[in-house]
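Engineer: how would this look folded up:
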Amino acid sequence: MCVKKSELSLEERAKIVGLYKQSLPKLSMRAIAAFTGYGVSTVFRTIDRFKKTNSLQNLPRSGRPTFITESDRRYLKLCALRNRRKTLDVLTEDFNLGRKNPISKSVVNRSLHSWGIIGRVACRKPLLSARNVRKRLLFAKEHVKWSKKKWGKVLFTDESKFDLFGSNRRMYVRRMANERFVNSCLTPTMKHGGGNIMIWGGICTKGVTRLKRIEGIMNKKVYHSILVHRAIPEGKKLLGKGFVYQEDNDPKHSSHFCRNYLAKKEKCGDLVRMIWPPQSPDLNPIESMWDYVDVRLRKNERTSKDQMWHNIQRTWNEVPKKVLRKYIFSMKNRCKAVIRAKGGHTSY
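Structural biologist: Purely as a prediction, here's the structure:
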């Protein structure tokens, strides 16, 4: 009866190889196995290794044998995908319940990485209902074949808030190891951003509208005033009568007071209102424009709201037309991205 062992010693391997080399006539693998009491496969592997390496030593190994099986790896993958918000600590604790030999967080992490599952900060995107998804998909399918000429007739509008201190973006600095809390290496913060400026603006391929600084709370009356004195006159000046006016579905935009005014203007041929899908900032190229302005603003020190307002206006008015066209002509790709996502979120 064969004796089962995890690994043969060098003396035992030498005994097997010696029988193979010195026996006359040559003994078969089965005969050597019967004589030594080891399995035929063990004898074969020992002799085969000696033939290839002329050594009785083990071949170099990649490292310590893994603690988990392929089945364990699949189970870890399943647990991670069932609840994507579970932390590494919780995944490891759940997996080790009832196990005789618990594994570490590093083993769990490496196993998930081998499946391409990596912990990342979740993207912030608007909540989409089934109705929102259908409307986004319908809009994308209706506009994906629009030509550049058609997109060139659209005035894209929106409001944006600029904080005096702080930013949602990460700020990188170059510093030495012991300079983490040096003033020049810090991003100053204040509660509620230390104050902010709310701004309305519009863009098209021909240029930008004048910005409107919004004082106090922006309600339907303030927005109506912007429509009367800024949005429609600026749109007609840049694009001519009958331009396409885009706005999102913010409550102040969709109020009867403002919609009735736009309907009246549309009836007399001043503009054509674009029906915009809800929860779709990723479709609006002006969002990229606000980011463009914010990146350049951060190069200047912000000491007061008035100074920041001055810098915003200067940056806004200096935007090259090629940048405007790049953002606006990306509408085709934005629509394609929505169609690929079946109305869901995109990378824009």
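Engineer: could you export the helix or strand hosting R314 as CSV, CA atoms only?
Structural biologist: Under the criterion DSSP states H and E, the helix or strand holding R314 is helix 305-317. Below are the C-alpha coordinates for helix 305-317, written out as CSV (Å, rounded to 0.1, in the frame of the first residue of the first chain):
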residue,chain,number,x,y,z
LYS,A,305,-16.8,88.3,-4.3
ASP,A,306,-16.3,91.4,-6.4
GLN,A,307,-12.8,90.4,-7.4
MET,A,308,-14.0,86.9,-8.2
TRP,A,309,-16.9,88.3,-10.3
HIS,A,310,-14.4,90.4,-12.2
ASN,A,311,-12.2,87.4,-12.9
ILE,A,312,-15.1,85.3,-14.0
GLN,A,313,-16.2,87.9,-16.5
ARG,A,314,-12.7,88.3,-17.9
THR,A,315,-12.2,84.5,-18.3
TRP,A,316,-15.7,84.1,-19.8
ASN,A,317,-15.2,86.8,-22.4
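Engineer: from the chain's centroid, how far away is it?
Structural biologist: Mean-position distance between helix 305-317 and its chain equals 30 Å (C-alpha atoms, centre = their mean, to the nearest Å).
Engineer: the helix or strand following that helix packs against which elements?
Structural biologist: Note on helix 305-317: by DSSP H and E, the next helix or strand toward the C-terminus is helix 321-328. Contact partners of helix 321-328 among helices and strands, from 3 or more C-beta pairs under 8 Å, 6 or more residues apart in numbering; DSSP states H and E: strand 196-204, strand 207-208, helix 286-297. For the C-beta atoms, the positions are set from N, CA and C on the backbone; glycine is no exception.
Engineer: just the ones you listed: most buried one?
Structural biologist: Mean neighbour counts were compared across the helices and strands packed on helix 321-328 using mean count of other C-beta atoms under 10 Å; the top stretch is strand 196-204, at a mean of 22.
Engineer: name the residues that touch it?
Structural biologist: Under the criterion C-beta atoms under 8 Å, 6 or more residues apart in numbering, residues 152-164, 208-209, 211-214, 218, 226, 230-231, 234-235, 238-239, 243, 285-286, 289, 305, 308-309, 312, 316, 324, 327-328 lie in contact with strand 196-204.
Engineer: Provide the strand pairings for it, with the direction of each partner.
Structural biologist: Based on DSSP bridges, the strands next to strand 196-204 in the sheet, each with its direction, are strand 154-163 (antiparallel), strand 207-208 (antiparallel), strand 212-214 (antiparallel).
Engineer: sorry, back to before: between the helices and strands packed on helix 321-328, which gets nearest to E7?
Structural biologist: For the helices and strands packed on helix 321-328, the distance to E7 is smallest for helix 286-297, at 61.3 Å, taking C-beta to C-beta.
Engineer: restricting to C-alpha, output the closest one in PDB.
Structural biologist: Output in PDB follows, covering the C-alpha atoms of helix 286-297 (Å, rounded to 0.1, in the frame of the first residue of the first chain):
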ATOM      1  CA  ILE A 286     -22.300  74.500 -21.000                       C
ATOM      2  CA  GLU A 287     -21.400  72.300 -18.000                       C
ATOM      3  CA  SER A 288     -18.000  71.700 -19.600                       C
ATOM      4  CA  MET A 289     -17.800  75.400 -20.100                       C
ATOM      5  CA  TRP A 290     -18.300  76.100 -16.400                       C
ATOM      6  CA  ASP A 291     -15.500  73.600 -15.600                       C
ATOM      7  CA  TYR A 292     -13.300  75.400 -18.100                       C
ATOM      8  CA  VAL A 293     -13.900  78.700 -16.400                       C
ATOM      9  CA  ASP A 294     -13.400  77.200 -12.900                       C
ATOM     10  CA  VAL A 295     -10.000  75.700 -13.700                       C
ATOM     11  CA  ARG A 296      -8.700  79.000 -14.900                       C
ATOM     12  CA  LEU A 297     -10.200  80.900 -12.000                       C
END
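Engineer: for the spatially most central residue of the chain, what are its contacts?
Structural biologist: Within the chain, the residue whose C-alpha comes closest to the C-alpha centroid is C123; the distance, by C-alpha atoms, centre = their mean, is 5.6 Å. Taking C-beta under 8 Å, 6+ apart as the contact definition, C123 lies against H345.
Engineer: can you rerun that using 7 Å?
Structural biologist: Under the criterion of C-beta atoms under 7 Å, 6 or more residues apart in numbering, C123 has no contact partners.
Engineer: backbone phi and psi for it, please?
Structural biologist: Note on C123: its backbone torsions stand at phi -70, psi 140 [degrees, to the nearest 10].
Engineer: that one and Y348, how far apart?
Structural biologist: C123 is 11 Å from Y348, where distance means C-beta to C-beta, to the nearest Å.
Engineer: quick check: can you list the domain ranges of the protein?
Structural biologist: 10-53, 70-114, 130-340 (automatic domain parsing).
Engineer: can you tell me how far the closest residue to D158 other than its chain neighbours sits from S347?
Structural biologist: The spatially closest residue to D158, leaving aside those adjacent along the chain, is I286, at 4.7 Å (C-beta to C-beta, 6 or more residues apart in numbering). Spatial separation of I286 from S347 under the definition C-beta to C-beta is 17 Å.
Engineer: ok, N178 next?
Structural biologist: Counting by C-beta to C-beta, the gap between N178 and S347 amounts to 39 Å.
Engineer: and for V17?
Structural biologist: Between V17 and S347 the distance, using C-beta to C-beta, works out to 62 Å.
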